[in-house]
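[1] Any chance you could fold what I've pasted below:
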Amino acid sequence: AAPAAPAADAAADDGEAKGAAQEAKGGSAEAAALSPDGVELAFDSADGARPRTLAAWQHRLWRAEQHLGLYFRLLSHVPEAAEAVRGILESGSGAIDDDVHARVVEAFIEALMPHRRDWETSAAYVPWAQTCSAAVPVLLGLMDVTDPRRLAARGIARQMALLRFVLDLVKQVAHPLQLHSGFVAVVIGALAPLDLASRAAFSELLRVFARLSKEVMDGVRGTAVDLLCPISLERMRDPVIAADGKTYDRASIQAWFDRGGAVVRSPLTNEPFPHHRLVEDVALRERLRSTEELDLRDFVENYIFETLLNACDVEVALLSDLVDLLVGRYEIPGVEPKHLAPILPSDACKLALMRAVLGILDDEAAREPTGALRRKLTAELDALRADCADHAVLVMYVKVREEGAAAAADTDAAAAAELAEVIFQREGAGVIEWLEAVAGGRAQLRACAAALGAALEAVE
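    Numbering: from 1, shown residues only. Predicted coordinates:
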């Protein structure tokens, strides 16, 4: 280890480092925005000790270079944050430390949030999404080289989660549906005070989406111009192509024909229609369906798996809601089922959701708090079996359990036949025991079929 640097030498080194940084960045607009008087690099460690070795000095210089480089990259993407960042650097002791880095991250997130933007039309979504998509990875990089305790103290992780959520909302919902920016503001206002991984946030999001689903169905909001009938100026329900090559809603164009007299002219070209035959516009019909269902549904599915189930500790009450969703009993007070149905997960997603919920319930560490939830799931499955033994939810349960039983399956055909008898014997037992016996039997038969196939290939 090298001896401690004299104070004069250390000060000179500090001056040289500052001079090099200013010389490297001095010609850029970003550097001009970050050149307040009295700012110096924080070479001291968190406990106030100064570097005592050349390696330690080099490490501190490297960290300073990393942080400042990220600052400049962020300013190139979000120049609106320059004034706030300058204010942060000029305040306090003047040292650029982890507390300053955390405040700078917060300033950039605040500058990127939509409520700081003047969005007059939905056309502003694209440039904002591009800016945000470029800035978020850099922000995450700055967070990686900042003390997590300073970030936690300012709630940076929660703010970043909200920003990324809004980015996905704009890209997957607001822009495809051409929603007014007021919708984004409503969602942010409803979810900003909440933990995005909480039951409250989930129910609030579904409530907002159900209201949007109703408005989309009614043609009030979320309709692009090319989805409107040129005659009624309402969202088309049954799009058809007329002889003029234009698409209309069937009811509107038929009414136009009925009141047109002997010669009916196109409402768009003013040319006479050669005939009144109508052809279904299959492509537009599919697009109408997708904008009504899939954008909202896909977003909800991604939110469930990437946010709710990725949380370190999933609420038992939230898991109870997910069980209700699986068995088709999820409701929101004051919301009609027909408006909720288009935004709830598809059957393919429910299979993955069943797999995730059962994985949580099977976790030994969670058995005590989720005991009531397991009993609820058992009661719901029992009710479904009484109604229909091959209900889709029962099939999903068997499929998930079959995946777990596949590794222990026996390839002996006699054992498979014996297991079939056990399945019939357990049909009068509890629903969980019966379903797991069915899953084991299916896994056994699948293993036998695979073994038989391998034997036949060997013979050939």
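
[2] distance between stretch 170-180 and the chain's centre?
    Offset of stretch 170-180 from its chain centre (Cα atoms, centre = their mean, to the nearest Å): 14 Å.

[3] Over to stretch 236-248?
    Averaged C-alpha coordinates place stretch 236-248 at 36 Å from its chain's average position (Cα atoms, centre = their mean).

[4] what mean pLDDT does that stretch have?
    Across stretch 236-248, the average pLDDT comes to 91.

[5] Buried ones in it, by neighbour count?
    236, 238-244, 246-248 (16 or more other Cβ atoms under 10 Å). The way it works is simple: take the backbone N, C-alpha and C, and place the C-beta from them, glycine included.

[6] likewise stretch 71-83?
    Those would be 71-75, 77-78, 80-82, for stretch 71-83 by 16+ other Cβ under 10 Å.

[7] List just the nearest of the buried residues of stretch 236-248 to residue 433.
    residue 238 (49.8 Å; Cβ to Cβ).

[8] Look up phi and psi at that closest one.
    phi -130, psi 80 (degrees, to the nearest 10).

[9] I'd guessed it sits against residue 250; true?
    Yes - contact criterion Cβ atoms under 8 Å: residue 238 and residue 250 qualify, at 4.1 Å.

[10] Which ones among the buried residues of stretch 236-248 map onto helices?
    Counting by DSSP state H, none of the members of these fall within helices.

[11] and stretch 359-379, what's its mean pLDDT?
    77.

[12] re earlier: Throw the buried residues of stretch 71-83 into TSV and include distance to residue 168, thanks.
    Listed next are the buried residues of stretch 71-83 as TSV, based on distance: Cβ to Cβ, whole Å:
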residue	distance to residue 168
71	26
72	27
73	23
74	21
75	25
77	18
78	19
80	22
81	22
82	27
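
[13] any chance of these in CSV, plus pLDDT?
    Shown next, in CSV, are the buried residues of stretch 71-83 (pLDDT from 0 to 100):
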residue, pLDDT
71, 91
72, 92
73, 93
74, 94
75, 93
77, 93
78, 93
80, 90
81, 92
82, 92
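
[14] Just the buried positions in the helix or strand where residue 451 lies, please.
    Using DSSP states H and E, residue 451 maps to helix 431-459. Buried residues in helix 431-459, defined by neighbour count with 16+ other Cβ under 10 Å: 431, 434-448.

[15] what does stretch 200-208 give?
    The neighbour-count check on stretch 200-208 (16+ other Cβ under 10 Å) flags 200-208 as buried.

[16] which one of these is nearest residue 346?
    Set against residue 346, the nearest of those by Cβ to Cβ is residue 206 (15.1 Å).

[17] Give me the pLDDT for that closest one.
    At residue 206, the model reports a pLDDT of 92.

[18] thought it was touching residue 333?
    No - at 11.6 Å, residue 206 does not count as touching residue 333 under the criterion of Cβ under 8 Å.

[19] Wasn't residue 330 part of a strand?
    No - using DSSP: H, G, I helix; E, B strand; the rest coil, the secondary structure at residue 330 is coil, not a strand.

[20] what residues are up against it?
    Counting by Cβ atoms under 8 Å, 6 or more residues apart in numbering, residue 330 makes contact with 321, 324, 340, 344.

[21] At which residues are the strands of the stretch 51-200 of the chain located?
    Remark: strands assigned in the stretch 51-200 of the chain by DSSP state E, counting those that start in this stretch are 95-96.

[22] re earlier: among the buried residues of stretch 200-208, name the ones in helices.
    200-208.

[23] Would you format those as TSV with distance to residue 301 included?
    Below are those laid out as TSV (distance: Cβ to Cβ, whole Å):
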residue	distance to residue 301
200	19
201	16
202	12
203	16
204	17
205	12
206	12
207	17
208	16
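
[24] Please identify which of these is nearest to residue 360.
    The closest of these to residue 360 turns out to be residue 202 (Cβ to Cβ; 15.4 Å).

[25] The closest one and residue 308 touch, don't they?
    Yes - Residue 202 is within contact range of residue 308, at 6.1 Å (criterion: Cβ under 8 Å).

[26] shared neighbours, these two?
    Joint contacts of residue 202 and residue 308 (Cβ under 8 Å, 6+ apart) are residue 318.

[27] Can you give me the neighbour number for residue 270?
    8 (other Cβ atoms under 10 Å).

[28] can I assume it sits in a helix?
    No - counting by three-state DSSP, residue 270 falls outside a helix, being coil.

[29] Work out for me the element residue 378 sits within.
    Per DSSP H and E: helix 371-387 holds residue 378.

[30] just checking, next helix/strand downstream of that helix?
    Per DSSP H and E, the first helix or strand lying C-terminal to helix 371-387 is helix 392-405.

[31] for that next one, packing partners?
    When contacts are defined as 3 or more Cβ pairs under 8 Å, 6 or more residues apart in numbering; DSSP states H and E, helix 392-405 sits against helix 347-362, helix 371-387, helix 431-459.

[32] again, only using 10 Å
    With contacts defined as 3 or more Cβ pairs under 10 Å, 6 or more residues apart in numbering; DSSP states H and E, helix 392-405 has these neighbours: helix 316-326, helix 347-362, helix 371-387, helix 431-459.

[33] Need the ones you listed in CSV (columns: distance to residue 149).
    Below are the helices and strands packed on helix 392-405 laid out as CSV (distance: least, Cβ to Cβ, whole Å):
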stretch, distance to residue 149
helix 316-326, 28
helix 347-362, 29
helix 371-387, 34
helix 431-459, 45
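
[34] how much space between residue 185 and residue 113?
    Residue 185 sits 10 Å away from residue 113 when distances are taken as Cβ to Cβ, to the nearest Å.

[35] Among the two, which residue is more densely surrounded?
    Higher neighbour count among residue 185 and residue 113: residue 113, with 16 against 13, using other Cβ under 10 Å.

[36] For residue 254, see how far away that one is.
    From residue 113 over to residue 254 (counting by Cβ to Cβ), the distance is 48 Å.

[37] cool, residue 138 as well?
    Using Cβ to Cβ, residue 138 is found at 56 Å from residue 254.

[38] between these two, which one's more packed in?
    residue 138 (19 against 15).

[39] Now do the same contact list for that one.
    By Cβ atoms under 10 Å, 6 or more residues apart in numbering, residue 138 lies in contact with 69-74, 76-78, 108.
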